[in-house]
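> I would like the atomic coordinates for the input below:
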Amino acid sequence: MQYTGRIVFWALLSFPVGCESSNHSSSWSASLFGIAIHDIAITEQVVWLATDEGLIRIEATDTVTYSPVNSPIMTYNITTVEVDSKGRVWFGDGTEGLMIFDGLQWSRLYSFNSRLTSKVISDIVFEDSLVWLAAGAAVARLTPNDTLIYTAESAPLPSSPIVALDVVTPGELWIASFGGGVIRKKGNQWTTFTTANSSIRNNSIFDVTHGPDGRVWVGEGGGLDEYDGQHWTNYNSLNSPLPQNDVTAISVSNNNRVWMGMYEGGVTSLSGNHWTIYNVTNSSVPSQRVLSMGIDANGRIWAGTPLGLAVFR
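Numbering: from 1, shown residues only. Below is the predicted model:
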């Protein structure tokens with residue numbers, strides 16, 4: 001199935017710029033209503049969306065959906081998407097493994113033709129020639145010649161699902177575990193941060209990322225965590241304006257403004273000590289539940305929800 005959406009996309013990019021006031025509706029534009037947006041990958045010219053209706057490609061003149069109807073994709077439910085330095089699109093094909101699309105050819109990695117032990121890919125990150133995958137309860141490292149699988153049996157990892165990854169500096173991988181805290185792999189040294197040894201309030205981690213200043217941000221079931229390299233700070237609904245404690249997705253802008261999606265609280269931003277909250281009552285964000293966040297080169301904020309896409313400028 002293929003959709004074209006010139007009018008929709010231009011509407012997203014041409015809405016008026018608004019200010020952070022009590023009414024933010026003019027600052028947001030929503031589209032793709034009724035489609036769950038699980039992940040967002042943004043390049044200079046193209047935005048890729050992992051959705052429950054397939055892999056969606058958005059550019060200035062067209063919107064195309066790749067699904068089992070018009071491509072080798074085997075399921076409609078795409079779990080995650082990322083684009084490498086060569087422009088190849090890597091994505092999790094629901095419960096059917098990892099797929100790669102170079103614009104012409106499609107290829108697939110799964111347990112039958114690789115060392116991947118899980119068909120569920122939750123996240124993808126790149127580090128030079130390495131590809132890191134969150135694959136079930138394992139972390140997979142792909143090189144041009146080999147695949148290395150880290151599990152609880154072979155590495156200091158919990159046995160709970162791995163849901164997000166982030167390369168903070170070369171050789172420094174952060175791993176979000178849903179139930180086992182957040183893990184830092186720096187070279188051959190592994191460090192696990194949980195409620196027992198840090199200010200993290202819940203070991204169910206949803207997302208991990210970092211900003212230009214090197215600070216690491218963790219979204220978890222107990223709020224937002226900030227790590228400056230030595231100390232942890234937790235922000236939650238009791239000690240900050242955070243509207244709800246389940247922080248499900250995080251992106252950080254070039255000026256270190258933190259944008260976060262909430263499980264039932266819309267979108268919240270933190271700039272210095274200033275908090276701003278966008279939800280269904282004061283903006284065009286289509287749902288209180290946010291699944292994914294992204295920031296493009298022009299500073300636009302992209303928020304994926306179970307009920308569609310919202311863009312803020």
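> low pLDDT regions in the stretch 51-200 of the chain?
Low-confidence segments of the stretch 51-200 of the chain, defined by pLDDT under 70: 111-113.
> which residues touch the helix or strand harbouring Arg108?
Arg108 belongs to strand 106-109 when assigned by DSSP states H and E. Surrounding strand 106-109, the residues in contact under the criterion Cβ atoms under 8 Å, 6 or more residues apart in numbering are Ser71, Pro72, Ile73, Asp93, Glu96, Gly97, Leu98, Met99, Ile100, Leu116, Leu142. Placement of C-beta: from N, CA and C, glycine included.
> for that strand, buried residues please.
Buried residues in strand 106-109, counting neighbours by 16 or more other Cβ atoms under 10 Å, are found at Arg108, Leu109.
> please state the offset of that strand from the chain centre?
In terms of Cα atoms, centre = their mean, to the nearest Å, the centre of strand 106-109 is found 22 Å from the chain centre.
> phi first, then psi, for Thr51.
As for Thr51, its main-chain torsions (degrees, to the nearest 10) stand at phi -130, psi 180.
> circling back to that earlier point, ok, so of the contacts of strand 106-109, who is nearest Ser284?
Using Cβ to Cβ, Ile73 is the member of the contacts of strand 106-109 that sits closest to Ser284, with 29.9 Å.
> which residues sit in contact with that closest one?
Taking Cβ under 8 Å, 6+ apart as the criterion, Ile73 is in contact with Gly54, Leu55, Tyr66, Ser67, Asp93, Met99, Trp106.
> ditto for Lys185
Lys185 makes contact with Glu172, Leu173, Trp174, Ile175, according to Cβ under 8 Å, 6+ apart.
> from these, which ones fall inside strands?
Judged by DSSP state E, the contacts of Lys185 include Glu172, Leu173, Trp174, Ile175 as members of strands.
> can I get the one helix or strand Ala134 maps to in CSV? Just the C-alpha atoms.
When elements are assigned from DSSP H and E, Ala134 belongs to strand 130-135. Listed next in CSV are the C-alpha coordinates belonging to strand 130-135 (Å, rounded to 0.1, in the frame of the first residue of the first chain):
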residue,chain,number,x,y,z
LEU,A,130,29.8,-1.0,14.3
VAL,A,131,26.0,-1.5,14.5
TRP,A,132,24.5,-2.1,18.0
LEU,A,133,21.1,-3.7,18.3
ALA,A,134,18.7,-4.1,21.3
ALA,A,135,17.5,-7.6,20.5
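> helix or strand right after that strand?
Once strand 130-135 ends, the next helix or strand along the chain (criterion: DSSP H and E) is strand 138-142.
> ok, the ones in strands among the contacts of Lys185 vs Ser198, which is closest?
Taking Cβ to Cβ as the measure, Ser198 lies nearest Trp174 of those, at 13.2 Å.
> about what we covered before: what pairs with the strand holding Arg108, parallel or antiparallel?
Here the strand partners of strand 106-109, with direction, are listed using DSSP bridges: strand 98-101 (antiparallel).
> give the buried residues for the partner strand.
Within strand 98-101, the residues that count as buried by 16+ other Cβ under 10 Å are Leu98, Met99, Phe101.
> check stretch 274-284 too.
If you call a residue buried by 16+ other Cβ under 10 Å, then stretch 274-284 has these buried ones: Trp275, Thr276, Ile277, Tyr278, Asn279, Asn282, Ser283, Ser284.
> secondary structure added to the residues you listed, as JSON lines?
Compiled in JSON lines, the buried residues of stretch 274-284 are given as follows (DSSP: H, G, I helix; E, B strand; the rest coil):
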{"residue": "Trp275", "secondary structure": "strand"}
{"residue": "Thr276", "secondary structure": "strand"}
{"residue": "Ile277", "secondary structure": "strand"}
{"residue": "Tyr278", "secondary structure": "strand"}
{"residue": "Asn279", "secondary structure": "coil"}
{"residue": "Asn282", "secondary structure": "coil"}
{"residue": "Ser283", "secondary structure": "coil"}
{"residue": "Ser284", "secondary structure": "coil"}
